[in-house]
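1. The sequence and its predicted three-dimensional model are supplied below.
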Amino acid sequence: MTVKVMQGAIRIGLVADEPLRVAGLVSIFEYSAKPSERRFIPIAASADELLADPLIEYILIDLQGPTGFESFESIRKLRPNIRIIVIGPEGNDELLMNFIASGARGYLDLTAGPEMVRLAIEVVASGTIWAPRRLLSQLIDRLLTSADSSLTLNPKLTERERQVLDLIREARSNKEIASAIGIEERTVKAYVSRLMRKTGADNRIKLTISALGRERFPEKGEESGPRNSNLSN
């Protein structure tokens, strides 16, 4: 018999080395809700098996086992568009920043409970990065001073692209951006993709850097600093 699940449920791959860890991760998503009300469909498998499944868009990797780092690297190399959330040790800010800089969309430490794990995935699914704001700020400062020549800080943008980029700088999700400027969420996604192509960014952190760069090096005719806007907060 086919079990019906909630329409639009998120298929999330789970990667962990130890059977007990795998069972624990699966239990986070198979909570008391009825199958038809479940928001997540957990798929526990190896990184190779998950990479072969075109329906997997999100993967949660447990770094506690010996293959956690290898799994992250292989997934990023072969399926760079998959959104990865990692679970790692607590209090290691350098490790967290390195993973986010390398393309992880979220970082959870081992103290995270089931509700926080599910919330983190919802946030990542909305287009936002899940990590402490203080560390994201440090990461942006580090990348701004790294003189990354692959990032174009001052591309030619349309007015709408500038609006979207400014809201990305404020850590708004795609849904929040759509509501703020009165367009559909799928249209926001199209603008984000276009901005990434124009700036050479491959994630929202680098798009944020591009937005900051526009403040420091504005186009001719633009004043340095934030522009006035009637966009809602």
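-> Now that the structure is in, tell me what you want to look at.
2. Could you name the helices and strands sitting against the lengthiest helix in the chain?
-> Assignment by DSSP state H gives helix 185-199 as the longest helix of the chain. With contacts defined as 3 or more CB pairs under 8 Å, 6 or more residues apart in numbering; DSSP states H and E, the packing partners of helix 185-199 are helix 159-169, helix 174-181, helix 204-216. Backbone N, C-alpha and C define where each C-beta goes, glycine included.
3. among these, which is nearest Leu139?
-> Across the helices and strands packed on helix 185-199, Leu139 has its closest neighbour in helix 204-216 (6.4 Å, CB to CB).
4. Quick one: the helices in this protein, in order.
-> With DSSP H, the ranges of helices along the chain come out as 19-29, 47-51, 68-78, 93-101, 114-125, 133-144, 159-169, 174-181, 185-199, 204-216.
5. lowest-confidence helix or strand of this structure?
-> Of the helices and strands making up the chain, the lowest-confidence element is helix 204-216, at a mean of 62, by mean pLDDT, DSSP states H and E.
6. any idea how far Arg39 is from Lys198?
-> From Arg39 across to Lys198, the span is 34 Å (CB to CB, to the nearest Å).
7. residue ranges with poor pLDDT in the chain?
-> Scanning the chain for pLDDT under 70 picks out the ranges 1-7, 31-37, 140-155, 171, 205, 209-233.
8. Which segments of it make up each domain?
-> 10-140, 147-216 (automatic domain parsing).
9. Make TSV from those domains and add mean neighbour count to it.
-> As requested, the domains of the chain are arranged in TSV below (neighbours: other CB atoms under 10 Å):
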stretch	mean neighbour count
domain 10-140	17
domain 147-216	17
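10. Quick check: which of the helices of the chain is nearest to Ile61?
-> With CB to CB as the criterion, Ile61 lies closest to helix 68-78 of the helices of the chain, at 5.5 Å.
11. In this structure Leu78 contacts Leu50, no?
-> No: in terms of CB atoms under 8 Å, Leu78 does not count as a neighbour of Leu50; the distance is 10.3 Å.
12. hey, C-alpha coordinates of stretch 184-203 in CSV?
-> Listed in CSV are the C-alpha atoms of stretch 184-203, where the atom choice follows Å, rounded to 0.1, in the frame of the first residue of the first chain:
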residue,chain,number,x,y,z
GLU,A,184,6.2,35.8,-6.7
GLU,A,185,8.8,33.7,-4.9
ARG,A,186,9.8,31.8,-8.1
THR,A,187,10.5,35.2,-9.7
VAL,A,188,12.8,36.0,-6.7
LYS,A,189,14.6,32.7,-7.4
ALA,A,190,15.2,33.8,-11.0
TYR,A,191,16.6,37.1,-9.9
VAL,A,192,18.9,35.4,-7.4
SER,A,193,20.2,33.1,-10.1
ARG,A,194,20.8,36.1,-12.4
LEU,A,195,22.6,38.0,-9.7
MET,A,196,24.9,35.0,-9.1
ARG,A,197,25.8,34.9,-12.8
LYS,A,198,26.4,38.7,-12.8
THR,A,199,28.5,38.8,-9.7
GLY,A,200,30.3,35.4,-10.0
ALA,A,201,28.9,34.4,-6.6
ASP,A,202,28.0,30.7,-6.0
ASN,A,203,26.1,31.2,-2.7
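13. For Ala120, which non-adjacent residue is spatially closest?
-> Distances taken as CB to CB, 6 or more residues apart in numbering put Trp130 closest to Ala120, at 4.2 Å, once the chain neighbours are dropped.
14. what about that neighbour, distance to Leu110?
-> When distance is defined by CB to CB, Trp130 is 15 Å away from Leu110.
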